[in-house]
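> Provide a 3D model corresponding to the input given below.
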Amino acid sequence: MASSSSVNMDPDVARRLFEEGATLVLLGVPRGTELGIDCKSWQVGPRFRGVKMIPPGLHFLHYRAVSSSSSGGETGPKMGLFLSLKPREILLANWDPKEEDLDFSASKNDEEVNRIRATLQELDPYLGPYPYEVMKKWVSLTDRLSEELAINLQPLTGRICAFSDVIPELQFRHTKDRAELPRNDTACQSMKEGLDRLPKMKVREGTELRLSAIPQKTYPPGATPAEITRCSMDLSYTLETVLEENHQQQPLNLLGELQFAFVCFLLGDVYDGFEHWKSLLALLCRSEEAMRRRKELYLGLITVLYHQLGEIPPDFFVDIVSQNNFLTTTLQDFFQFASGPGMDETLRKRAEKFKAHLTKKFSWDFDADLDDCAPVVVELPEGVTVD
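Presented below is the predicted three-dimensional model:
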């Protein structure tokens, strides 16, 4: 792990981080392990013992075990966790080779932590400095995500894993139990038949992200056909239900949840995070009445999306986000509602500016009639390029 990130750091900032920054002491992490904090990652070298000068606050530690095979090590699934660090805090973890995971139980041992604090100066040459150059980017991606909200949204186990930990719905403790199951030795006639024969699986309790549930039914009980149609076109009822059930005291926390899901996907490789980000975004962008009532929520949404979309490579949209033209059609609805009657003038102008920014950056035309799934591209005059 290189220490070059401190070379261009402002001397006053460096001194303040040295005095006030937190320290992650990570012992026994195997050489070659992919490890990162926030928006930066490295391959661990033989001298690595942790990270120093970490700004107090919320951070995302992520890592991926690498096998020690001489023919090129295989990598395991990425693991991650959100950490809330205090000024001058020392957080201690030991690598568990059996679980291929970090064990933070030593941090609960005051005697052990005090021993590390007393020898911190000796450890210093083996600690890499926090990558200060990405701090601004990290803050822009998490400015709506409070420490409390992040801890409440991540799994009860405290670990966010790129692959779900699944177990059979029915547990068979003995060979006899499995032998008594009905068997069919004939070959499967279809993919569906084959899948039906597999054991039903479920996510292991405590390992799932604790995200807001979005109701499948978009209208209230007893709704008339006209109300059902209206609530299907304007998802404000569903949005208000999600806010009431999950963020009643602080509705703007929904933006924090949007950021949480995005970070889990972008830095933790969690596809469920991407799916939830898409669902929340569609819900927000297609709630016209809520846009009129919740100006601050939607002004915040524009800022959150501005920073998020700035971190995704343009070709990414072709591969994933543009499936069924999701992003362009979703944002087209948003911009159409934002320019509608009765909308706050500040929100309308901010939306217009954001629309122009995306049109320039990605060559999307939000004013076109998007009837098919192909990405819509603005034709630029000859010789004109987009930055």
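> Give me the domain ranges for the chain.
4-142, 225-362 (automatic domain parsing).
> Save those as CSV, and put in distance to residue 153 and mean pLDDT too.
Using the backbone N, CA and C atoms, a C-beta is placed for each residue, glycine as well. As requested, these are arranged in CSV below (distance: least, CB to CB, whole Å; pLDDT from 0 to 100):
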stretch, distance to residue 153, mean pLDDT
domain 4-142, 8, 90
domain 225-362, 5, 91
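> Minimum distance to residue 161: which of the ones you listed has it?
domain 4-142 (5.6 Å; CB to CB).
> before we move on, back to that, just send the domains of the chain back as CSV, with mean neighbour count too.
Formatted as CSV, the domains of the chain follow (neighbours: other CB atoms under 10 Å):
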stretch, mean neighbour count
domain 4-142, 17
domain 225-362, 18
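> OK, contacts around the nearest residue to residue 301 once chain neighbours are set aside?
Closest residue to residue 301 apart from its sequence neighbours, by CB to CB, 6 or more residues apart in numbering: residue 284 at 5.7 Å. Contact analysis of residue 284 by CB atoms under 8 Å, 6 or more residues apart in numbering lists 239, 254, 258, 290, 297-298, 301, 334.
> just residue 240 next, same as before
residue 290.
> For it, pull up the helix or strand it's in.
helix 236-246 (DSSP states H and E).
> State the distance from residue 342 to residue 133.
With distances taken as CB to CB, to the nearest Å, residue 342 is found 44 Å from residue 133.
> related to what we said a few turns ago, is it possible to export the domains of the chain to TSV including distance to residue 158?
Putting the domains of the chain into TSV (distance: least, CB to CB, whole Å) gives the following:
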stretch	distance to residue 158
domain 4-142	5
domain 225-362	13
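> Tell me where the stretch 51-200 of the chain has strands.
57-64, 79-85, 90-96, 101-103, 127-129, 160-161, 166-168 (DSSP state E, counting those that start in this stretch).
> so what secondary structure elements neighbour the third one?
Just to be clear, that refers to strand 90-96. If contacts are counted by 3 or more CB pairs under 8 Å, 6 or more residues apart in numbering; DSSP states H and E, strand 90-96 sits against strand 22-27, strand 101-103, helix 110-118.
> Check the offset of it from the chain's centre.
24 Å (CA atoms, centre = their mean, to the nearest Å).
> which residues sit against that strand?
Here strand 90-96 makes contact (CB under 8 Å, 6+ apart) with 22-30, 83, 85, 101-104, 106-107, 112-113, 116-117, 120.
> now swap in the longest one and tell me
Taking CB under 8 Å, 6+ apart as the criterion, the residues outside strand 57-64 that touch it are 24, 29, 33-38, 41, 75-85, 102, 138, 142, 145-147, 150, 263, 267-268.
> and the gap between residue 44 and residue 131?
15 Å.
> could I get stretch 146-165 in CSV with only the CA atoms?
C-alpha atoms of stretch 146-165 as CSV (Å, rounded to 0.1, in the frame of the first residue of the first chain):
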residue,chain,number,x,y,z
SER,A,146,-25.9,9.9,8.5
GLU,A,147,-23.8,7.5,10.5
GLU,A,148,-26.9,6.3,12.3
LEU,A,149,-28.8,5.7,9.1
ALA,A,150,-25.9,3.8,7.5
ILE,A,151,-25.6,1.5,10.5
ASN,A,152,-29.3,0.9,10.5
LEU,A,153,-29.4,0.0,6.8
GLN,A,154,-26.5,-2.4,6.7
PRO,A,155,-27.0,-6.1,7.7
LEU,A,156,-27.3,-7.0,11.4
THR,A,157,-24.0,-9.0,10.9
GLY,A,158,-22.3,-5.7,10.2
ARG,A,159,-21.0,-7.1,6.9
ILE,A,160,-22.1,-6.1,3.4
CYS,A,161,-21.2,-9.0,1.0
ALA,A,162,-21.3,-8.8,-2.8
PHE,A,163,-23.0,-12.2,-2.9
SER,A,164,-26.0,-13.1,-0.7
ASP,A,165,-25.4,-15.7,2.0
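> What residues sit buried inside it?
Of all the residues in stretch 146-165, those buried under the rule 16 or more other CB atoms under 10 Å are 146, 149-150, 153-155, 160-162, 164.
> And for stretch 212-219?
212, 214, 218-219.
> ok, back up a step: okay if I get the helices and strands packed on strand 90-96 as a markdown table plus distance to residue 327?
What follows is these, written out as a markdown table (distance: least, CB to CB, whole Å):
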| stretch | distance to residue 327 |
| --- | --- |
| strand 22-27 | 35 |
| strand 101-103 | 35 |
| helix 110-118 | 46 |
